[in-house]
Every structure is written in C-alpha cells, then in structure tokens.
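K.L.:
Build me a model:
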Amino acid sequence: MQRIASIASLVAQHAGDAAFLWLRRRREIDRPFLDETDVGRIDQRLEANIEGLMAAGESGWQAARTQVADFAEPGEIFVLGVAALRSGESEAIEIALSASEETGALAVGSLSGAVARTPRDLLKPFVAEWLAGRDPLRRSLSLAALQHHCIDPGARLADLLVDADPEVRRRALRLAGALKRRDLLVPVIAALDADLARERLTAAFAACLLGEARSAHPALDQIVLNQQDLAAHAIELRLLTTPGKAGKQWLQSRLDQPALRIVATRAIGLLGDRAVMPWLIERMREPELAEAAGLALRDLFEVDFNDLALFAVDPALLGPDFTGDEPLPVADKVAAWWDEGRGGRGHGTFRSMRRLRLDALRAALAEPGATLANWRRTRRYPAWM
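P.N.:
Residues are numbered from 1 along each chain as shown. Below is the predicted model:
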C-alpha cells in the first residue's frame, strides 16, 4: 500500500471508531429501537472513518493490523477485512483472512460485514476463486458476497448446499431462499433433517421463502421446543407463515408452557392484534416478562417510544424487583397512554429497522416470485442532522 504522510493518533482513532460504529450498527440493525434515519447516521460516520483509514494508505493498514493483534474482536476483524478488501491487494486480503482464521467462529460474520461494505468490482477478482477453493472460510465469504450483492451463482449453488462444511451449507441455504431458487427445493427440504439445529433453522427459512412453509413447520416446532437459543427466531418464522386464527392458537399453546412463556410473550406483537393490550400491560408488571412485553408493544405500534416517557430503567418507577440495563415499560404509564388515546394517535409514524425487516420478510413470503429485499441498506444521513 502507498505510504502517505499521516498523524498516527488520528489514524488509530479512525480504526477504533470504525470498529465501534460497525458493532453498534450490527447490534441495532434488526432491533426495534432505531429507524432508517438513525442507522443512516451511523452509516455516514462509519463510512467517514473507513475512508479516513483508506486515505492514510500504509499507515491505515498497519493501524487495522495492530488493532486486531491487540484486541481480536468482531469489530476489529471487520475493520481489518474492509481495509484489505477495499485495497484490492491480494497480499493484504490473505493477511486479513489468515489473521481472522485464528479467531474461529467470530471471523465469518465480521468478514461478511466487510464484504457487504466493499464495492462489487473490488470483490469480483476474488469471489470466483474463493467459491471454487478448498477453504471453508473463503467459500463462506464468497456466498456472503453473492448474497450481499444479489448475484446468483447458477448451478454451483446446488453443490454448495451439500458442502462438507456446515457454515458453507447454511449460507448456501440462505442464498437459495433469498434468490427464490425453487429448482433447489429438494436439497433445501432435505436440510430440514440436518444434524445441527442452526442449519435446520436456516433450511426452514429457505423452505418458507420457497413456498414450502408446511414442510418447514415440524422442524420449526422442534427447534422452539428443544433449542432455547434459537426459539425466538423459530417462533417469529412460524407466526409469519401461520396466519389468522391458526397462528393465535399455535402461539397460545406456547404461552401455556412455562419454558416458552418469555419468548412467546415477546412474539405476540407479530399477530398485530391490539386487543391483547390489557393482557400485555399486566405482563409488564411481572419482572420476568416485562422486557418481552415491551418488545411486543413495539411490534404492535409504529410509534417512536424513544420520544415517550413509557420506558425506564429506574427501579423507583418500575419497582424494586425490576433490574437490568435495558429500558423496561412502566405498566401504569403504558396503561394511561393506551386508555387516553388507544395508542399511536398524535404521533408521527416510526418504522424501526425491525419493522422494515418484518415487512421485507412478509412481502417475500407472500409473493412466490419476489426475492427478499435487503432491508439493511440505508440512505446515509449527515450525523449532525
């Protein structure tokens, strides 16, 4: 890389800020707290720091390498990856991949984020080589690049669905579903019986996108019952593909199971039935269910609850048994807000990133020919607006 005069402390700050901002973006991108404008402002700042790092040439590259050597966490791996990929230099990319391999499972997600923020033309010389190579990390990254940039690999995707590496298979399943590759339905359905629960969940997601929700439901039900860490995702997909009364009955049976009560309460807003509000407000009075009830509330209304005084972290408002760092709904205040105007009136429409995600999923599930929209792409807004 080119050597350019720079101030070391500023270059290091660009690297650190880029890692922090990408982590914040990743944390918030599918949650109900920020909208496209909020994330767009993060994107503006993130891009400015990446550009600052790239403008520093060799100094920027060394700052990214030093950061990973000192603290090999997801944000730092992302910065190293994006600096290498945007440089377009094979040696830098190999250094980034080799350094990332040492961090194990953290690497793929972080490098996938780096791929997403790299222009297609810079990736093109490497993706075909990675896709045909023997290294699972590189094959996974090639699939991430294809999905982020909406490219169909054609017949090669069938081979990747039965790859020896589970992460490669999982990413191939995601791509097959997102691109609506119904010609690959047979291997997608077969993956519903995979050994790993995460792979079965991804196969169920792909099957639903391909119009085979009924085939996916037994696998989803088993994941809800047996995989606590994946239950929320499985319940969400089950409800999105089980409309009307059947969906309500299915969720009620999960609410009746103590082990699933929290995650099922969290999902009740997906039904869109505001008649549940009195019941939901009562759940806000229960410490173990308050957070879940608050998330359900955000799903029910297109309201920016950040501008209202309905959530708090102060035990003086919530009660001594309510603890934690996340704001929780104050049941009495939510009840007064609901009784006063039945919610949502007098407020501008707030479409959170989670709502954008759910809308994209609903659209893709409803229309057989519609590919899954990329809700994570946002317009960039000046950070000072």
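K.L.:
now the helices for the stretch 101-250 of the chain?
P.N.:
Per DSSP state H, counting those that start in this stretch, the stretch 101-250 of the chain has helices spanning 106-116, 120-132, 136-148, 156-160, 166-178, 185-190, 197-209, 213-226, 231-240, 244-255. These are given in chain order.
K.L.:
Would you mind listing the buried residues in the first one?
P.N.:
For helix 106-116, the buried set under the neighbour-count rule, 16 or more other Cβ atoms under 10 Å, comprises 106-108, 110-116. For the C-beta atoms, the positions are set from N, CA and C on the backbone; glycine is no exception.
K.L.:
follow-up on the earlier one: can you list the helices of the stretch 101-250 of the chain in a markdown table and add distance to R31 and mean pLDDT?
P.N.:
Written out in a markdown table, the entries for the helices of the stretch 101-250 of the chain read as follows (distance: least, Cβ to Cβ, whole Å; pLDDT from 0 to 100):
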| stretch | distance to R31 | mean pLDDT |
| --- | --- | --- |
| helix 106-116 | 16 | 89 |
| helix 120-132 | 28 | 92 |
| helix 136-148 | 20 | 94 |
| helix 156-160 | 30 | 96 |
| helix 166-178 | 20 | 96 |
| helix 185-190 | 28 | 98 |
| helix 197-209 | 19 | 98 |
| helix 213-226 | 21 | 97 |
| helix 231-240 | 12 | 97 |
| helix 244-255 | 21 | 96 |
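K.L.:
Of those helices, which is nearest I281?
P.N.:
Closest to I281 of those is helix 244-255 (Cβ to Cβ; 15.7 Å).
K.L.:
just checking, next helix/strand downstream of the closest one?
P.N.:
Beyond helix 244-255 in the direction of the C-terminus, DSSP states H and E gives the next helix or strand as helix 261-267.
K.L.:
Would you mind giving the helices of the stretch 101-250 of the chain as TSV with distance to G57 added?
P.N.:
Shown next, in TSV, are those (distance: least, Cβ to Cβ, whole Å):
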stretch	distance to G57
helix 106-116	18
helix 120-132	16
helix 136-148	25
helix 156-160	36
helix 166-178	33
helix 185-190	45
helix 197-209	40
helix 213-226	48
helix 231-240	42
helix 244-255	55
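K.L.:
Spatially nearest residue to L175, not counting backbone neighbours?
P.N.:
Once flanking residues are discounted, L175 sits nearest to Q147: 4.9 Å by Cβ to Cβ, 6 or more residues apart in numbering.
K.L.:
Contact partners for the one you found?
P.N.:
Under the criterion of Cβ atoms under 8 Å, 6 or more residues apart in numbering, the contact partners of Q147 comprise 171, 174-175, 178.
K.L.:
Likewise for A234?
P.N.:
Residues counted as contacts of A234 (Cβ under 8 Å, 6+ apart) are 201, 204, 220-221, 223-224, 227.
K.L.:
same question, N374
P.N.:
By Cβ under 8 Å, 6+ apart, the contact set of N374 is 148, 150, 360.
K.L.:
Would you map the strands across the stretch 251-385 of the chain?
P.N.:
311-312, 328-329 (DSSP state E, counting those that start in this stretch).
K.L.:
Figure out which of those strands is closest to W250.
P.N.:
Smallest distance to W250 across those (Cβ to Cβ): 25.1 Å, for strand 328-329.
K.L.:
Now the closest one: average pLDDT?
P.N.:
Across strand 328-329, pLDDT averages out at 96.
K.L.:
That one packs against which elements?
P.N.:
Using 3 or more Cβ pairs under 8 Å, 6 or more residues apart in numbering; DSSP states H and E, the elements in contact with strand 328-329 are helix 290-300, strand 311-312.
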